[in-house]
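A.B. asks: my questions are about this predicted structure, shown below with the sequence.
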Amino acid sequence: MPHLSHRASSIIRLVLRAPVLLVAAAMTSFVIMDVLPGDAASTIARTTDPAAVDAVRSRLGLDDPLLVRLGEWATALFLHGDGGHLYASGIPVWEAAASSARNSTYLVACALPLLLLIGILSGVFAGLRPTALRDHILSTGAQTTLATPDFAVTTVLLVLCAGVLHLAPAVSLVPPGGTPLDRPDSLIVPALAIALVGGAWLQRLVRAAIVDAAALPHIRAAHLAGHHPVTVAWRLTLPAAAGPIVQACAATIPYAVTGTVVVENVVGFPGIGTLIATFIAARETIAVATLTAVFAAITIAAFTLADLHHDIQGRRA
């Protein structure tokens, strides 16, 4: 019973921590946007006349204290699901972001399976023969990719796919009123960029899990007993590493989502990342904070699931 009680308390603690982190992340983004130079009133007024700008600021409620605006927005979002409205047009944030969110969903749906495939296969392949030539090649490739900024990786892929191989357009536009499926080649470069960078990070985690599993006494004993390496890997090493690999995959999912912000802006893909950049430039504080809360929710949920899996697997062991 004490063991079960401790496990239950650990799970409850992880679950209760998630909403606290979500609220903290969302509020932090709101405050950061608010302290940036300029505000939406300056953009909307389109004049240097202080009186005109102050009038717009008063109409939008931007002259209220920060804590008042923060509290009103947070209460509406977290208690009522109201993401607020755009300062410039008055359109609800959820409505303004719907089309871009749909496009990004298509992008992530294409990139995530490729990311997992690259990360798991290359990580297993490298980890089963550490210090071998293939391990050095794969590890060097992954480390180089991780050391390169996302925008640079995307630019290289853009030059290769659009300029050299002519497999994708130079700008990943989507037909007005359509979806990325109406122009599938618009997904090639951004999906590859997300998959390569995320896959490189996942490869390092999977490789470490395989190497750790291979060092377990019963697996070393199987090798010393003369069992075929493939048999040992399939029946012993991979099952032993399955838990950490699942946890690594769960922890990688947020990258496939948040990685869209940089990649979409480089290739001009009309997704949620491009929209957030537009909102930041327009100082749409409420919209940026609301969409940041969505990204934070996905990230926190994935890491919480990974932690729960690790906690449960660890106690079973």
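C.D. replies: Received, thanks.

A.B. asks: looking at Met1 now. What's its pLDDT?
C.D. replies: If you check Met1, the pLDDT there is 47.

A.B. asks: the one 5 residues further on now?
C.D. replies: The predicted structure scores His6 at 65 on the pLDDT scale.

A.B. asks: from here on, call the first residue 35.
C.D. replies: I'll keep to 35 as the first residue from here, and by that count the last item is His40.

A.B. asks: run a quick neighbour tally on Asp98.
C.D. replies: 14 (other CB atoms under 10 Å). (Glycine included, C-beta is placed from N, CA and C.)

A.B. asks: and it, what are its phi and psi?
C.D. replies: Here is the backbone geometry of Asp98 (degrees, to the nearest 10): phi -70, psi 150.

A.B. asks: got it, and Pro126?
C.D. replies: Torsion angles at Pro126 (phi, psi; degrees, to the nearest 10) stand at phi -60, psi 140.

A.B. asks: okay, and the beta partners of it?
C.D. replies: In this entry, Pro126 is beta-bridged to His119, by DSSP bridges.

A.B. asks: hmm, Asp169 is touching Val158, no?
C.D. replies: No: applying CB atoms under 8 Å as the test, Asp169 and Val158 come out as separate, 11.2 Å apart.

A.B. asks: give me the common contacts of those two.
C.D. replies: Arg241 (CB atoms under 8 Å, 6 or more residues apart in numbering).

A.B. asks: quick one: the closest residue in space to Thr81 that isn't next to it in sequence and Leu155, what's the gap?
C.D. replies: In space, and not counting its chain neighbours, Thr81 is closest to Val87: 6.9 Å by CB to CB, 6 or more residues apart in numbering. As judged by CB to CB, to the nearest Å, Val87 and Leu155 stand 56 Å apart.

A.B. asks: ok, now Thr81?
C.D. replies: Going from Thr81 to Leu155 by CB to CB gives 58 Å.

A.B. asks: try Val300
C.D. replies: 26 Å.

A.B. asks: which one's more surrounded, the two?
C.D. replies: Neighbours were counted for Val300 and for Leu155 using other CB under 10 Å; Val300 has more, 21 against 14.

A.B. asks: does the more buried one count as helix, strand or coil?
C.D. replies: helix (DSSP: H, G, I helix; E, B strand; the rest coil).

A.B. asks: isn't it right up against Val187?
C.D. replies: No: contact criterion CB under 8 Å: Val300 and Val187 do not qualify, at 9.2 Å.

A.B. asks: list residues touching both of these two?
C.D. replies: Residues touching both Val300 and Val187 (CB under 8 Å, 6+ apart): Ala227.

A.B. asks: how about Val297, what does it touch?
C.D. replies: Neighbour list for Val297: Asp184, Phe185, Thr188, Pro224, Ala227, Ile228, Phe303, Gly307 [criterion: CB under 8 Å, 6+ apart].
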